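1. Task: produce atomic coordinates for the following.
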Amino acid sequence: MPAPSLMSALASRLLQSAQRCSLRPRSFHLAAVRNEAVVISGRKLAQQIKQEVRQEVEEWVASGNKQPHLSVILVGENPASHSYVLNKTRAAADVEHIDERKICNAVSPDKDVDGFHVINVGRMCLDQYSMLPATPWGVWEIIKRTGIPTLGKNVVVAGRSKNVGMPIAMLLHTDGAHERPGGDATVTISHRYTPKEQLKKHTILADIVISAAGVRQKAGYITPVPGGVGPMTVAMLMKNTIIAAKKVLRLEEREVLKLKELGVASN
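-> Below you'll find the model as predicted:
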């Protein structure tokens, strides 16, 4: 079976974004006001999800299927640290004019475990089942598994990146009754050009703030750095891998069945 692919040089950027990302529902919307925020352990939730994936893989293999395999495609060299990867990728992009969008779209959408392919992005925006980017999906899982309500809530997402901010906003504001259920929240996206006074007004009204900086004394729940969204990103990537493996095998089985039917018809 073809191996699911990972744009690891691009994913390193995503992981760095995840390590900076935090989730902050405001305390005055909770039943009891706390002096300090409840720290949500992304590591514990990630372990739970990885155990679910492990069990799913074991059942998959026990049923006679091939072990899912995650391949890595590196753009440029393969340095040890993520920061070094990022610096190399930026330098290569400046010198070699690497088109990240072309690289992402060169991967089959069915094997796109990062959720970066334009087809997967489009399906996500249309509330359809798709490969979801690991960091936004990790944030979404933290919210759901922690029991934080989103229906009708005001959410501020600080950042509009195509791999983190935008997908998080899409997951939170879309219809919960659609094919790919959303959070039914009212979402405001802020970015570098959002005036500080406007950002302040939005965050005062917000029930949930997803940002790169947390104020622990003013939050109801908060994800730590490290040990928050970062481990969840890796866990959701593993979940995407088993989803991709199953999808590819089903497509192969359909092709084999189609060929058999054509063979029977020709005879």
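
2. Please count neighbours and contacts with C-alpha atoms only from this point.
-> Will do.

3. Any idea how many residues pack against Ser130?
-> 22 (other Cα atoms under 10 Å).

4. what's near enough to touch it?
-> Gly115, Asn120, Val121, Arg123, Met124 (Cα atoms under 8 Å, 6 or more residues apart in numbering).

5. How many residues are close by Trp60?
-> Neighbour count for Trp60, taken as other Cα under 10 Å: 17.

6. I'd like to know how many residues surround the closest residue to Val248 other than its chain neighbours.
-> Excluding the flanking residues, the one nearest Val248 by Cα to Cα, 6 or more residues apart in numbering is Asp110, at 6.5 Å. Other residues lying near Asp110 total 21 when counted by other Cα under 10 Å.

7. And for Ser190, the neighbour number?
-> Counted by other Cα under 10 Å, the residues lying close to Ser190 total 20.

8. mind checking how far it is from Asp207?
-> For Ser190, the distance to Asp207 equals 15 Å [Cα to Cα, to the nearest Å].

9. and what of Lys102?
-> Lys102 sits 38 Å away from Asp207, going by Cα to Cα.

10. What are the boundaries of the strands in the stretch 101-250 of the chain?
-> 154-158, 186-190, 208-211, 221-222 (DSSP state E, counting those that start in this stretch).

11. Show me where the stretch 151-267 of the chain has its helices.
-> Per DSSP state H, counting those that start in this stretch, the stretch 151-267 of the chain carries helices over the ranges 165-173, 196-205, 229-266.

12. ok, now the stretch 1-150 of the chain?
-> 8-20, 42-62, 82-96, 100-106, 118-125, 134-146.

13. Just the angle for the last one relative to helix 229-266, thanks.
-> Counting by axes from the mean of the first three to the mean of the last three Cα atoms, to 10 degrees, helix 134-146 lies at 110 degrees to helix 229-266.

14. Could you list the buried residues of helix 134-146?
-> Ala134, Thr135, Pro136, Trp137, Gly138, Val139, Trp140, Glu141, Ile142, Ile143 (16 or more other Cα atoms under 10 Å).
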